[in-house]
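> Make a model of this:
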Amino acid sequence: MSGGTSRRSGGDLGRRLRVSAVGIPVGFAVVWAGGWVLLGVLLALALIGTHEVLGFARARDVRPFGPLALLASACLLLAAPLSGGTPETWALTAVGVLVATALLALAATVFLRGPAGGPLAAAAVTVLAPLYVAMPLAFGWFLRHHPASAWELAAWAGTGLVLLPIIATWLGDTTAYFGGRAMGRRKLLPSVSPAKTVEGAFWGLVGSVSGALLVTAFLFPVFGGGEPLSLLAAALLGLAIGGVAQVGDLAESALKREAGIKDSGAILPGHGGVLDRFDAILFTLPLTWLLLPFFLGWGG
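Numbering: from 1, shown residues only. Sure thing, here's the model as predicted:
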């Protein structure tokens, strides 16, 4: 989700639309393919996003151990299929990776930099970057291969479970922007993101609920997968996704504001960096996985 208004105006809007026109069908194809194709794209996003977080720290004169953080991010993503393919088996590996990263970062600060090298901040950011970016992205792989995807058309079912939080998140972002522009009066959290308003946040929730309903009521049946969620369950899940997505958006805004950086990167014309486009997704992918067991087959 985008953090400010400047990227949404003028020529930037045109670039955003052109990138989206290419990115949306490519993204759909990648999610549909699943497996190692999806994992490879998630790995690339994780490495770029991790690099962007390290850039935030360096802008504040913190020197994290970049290669170690990138290695940890790669391990977290690659462990998703290699550790058994479920979050339960992956979790032990993930915890081990993060603990090892923390201990290695602390050891490196002791032997390479000493107390004057900022060991606390360096070690903390080295662990935070993969934890913030790579770990949530792994849930994109888990959703695509979720046990609930094993109904009539498995390829579409898993694709839909990934698209549900993505569409709900990005539709919420869109309605928040236009709703805020049209009706926004009260600032939501001006110290973090001056452009965001309470009214925009409300319309963002409406958009996220609408996105979840769209996927459940239209996309699943059209592609022959049936409806794994009732409309009531989809609406409640969309509401949760919308709320958490806005927290994810604000979290990245806070990091950028502290670093004094407008965009996390420039890899996506008109969109900024990977984090500028996927900041909320980092929160909503794991949330969707966690909530699905409570909503599948409920409320019909």
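
> Point out where the stretch 101-250 of the chain drops to low pLDDT.
Within the stretch 101-250 of the chain, the ranges that satisfy pLDDT under 70 run 148-157, 222-227.

> the strands in it, which residues?
For the stretch 101-250 of the chain, strands defined by DSSP state E, counting those that start in this stretch occupy the ranges 187-189, 193-197.

> nearest to residue 27, of these?
strand 193-197 (25.6 Å; CB to CB). All C-beta atoms are positioned from the backbone trio N, CA, C, and that covers glycine.

> Need the winner for burial among the strands of the stretch 101-250 of the chain.
strand 193-197 (a mean of 20; mean count of other CB atoms under 10 Å).

> what packs against that one?
Packed against strand 193-197 by the contact rule (3 or more CB pairs under 8 Å, 6 or more residues apart in numbering; DSSP states H and E) you find helix 154-183, strand 187-189, helix 231-259.

> now these in CSV, with distance to residue 52?
Formatted as CSV, those follow (distance: least, CB to CB, whole Å):
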stretch, distance to residue 52
helix 154-183, 19
strand 187-189, 22
helix 231-259, 9
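
> With respect to residue 200, which of these lies nearest?
Among these, helix 154-183 comes nearest to residue 200, with 2.6 Å by CB to CB.

> what angle sits between that closest one and strand 193-197?
90 degrees (axes from the mean of the first three to the mean of the last three CA atoms, to 10 degrees).

> so how far is residue 285 from the closest residue to residue 34 other than its chain neighbours?
The shortest distance from residue 34 to any non-neighbouring residue, by CB to CB, 6 or more residues apart in numbering, is to residue 144 (4.7 Å). Look at residue 144 and residue 285: by CB to CB, to the nearest Å, they are 10 Å apart.

> okay, and the common contacts of those two?
Taking CB atoms under 8 Å, 6 or more residues apart in numbering as the contact rule, residue 144 and residue 285 both touch residue 162.

> Against residue 279, how distant is residue 178?
For residue 178 relative to residue 279 (CB to CB), the value is 19 Å.
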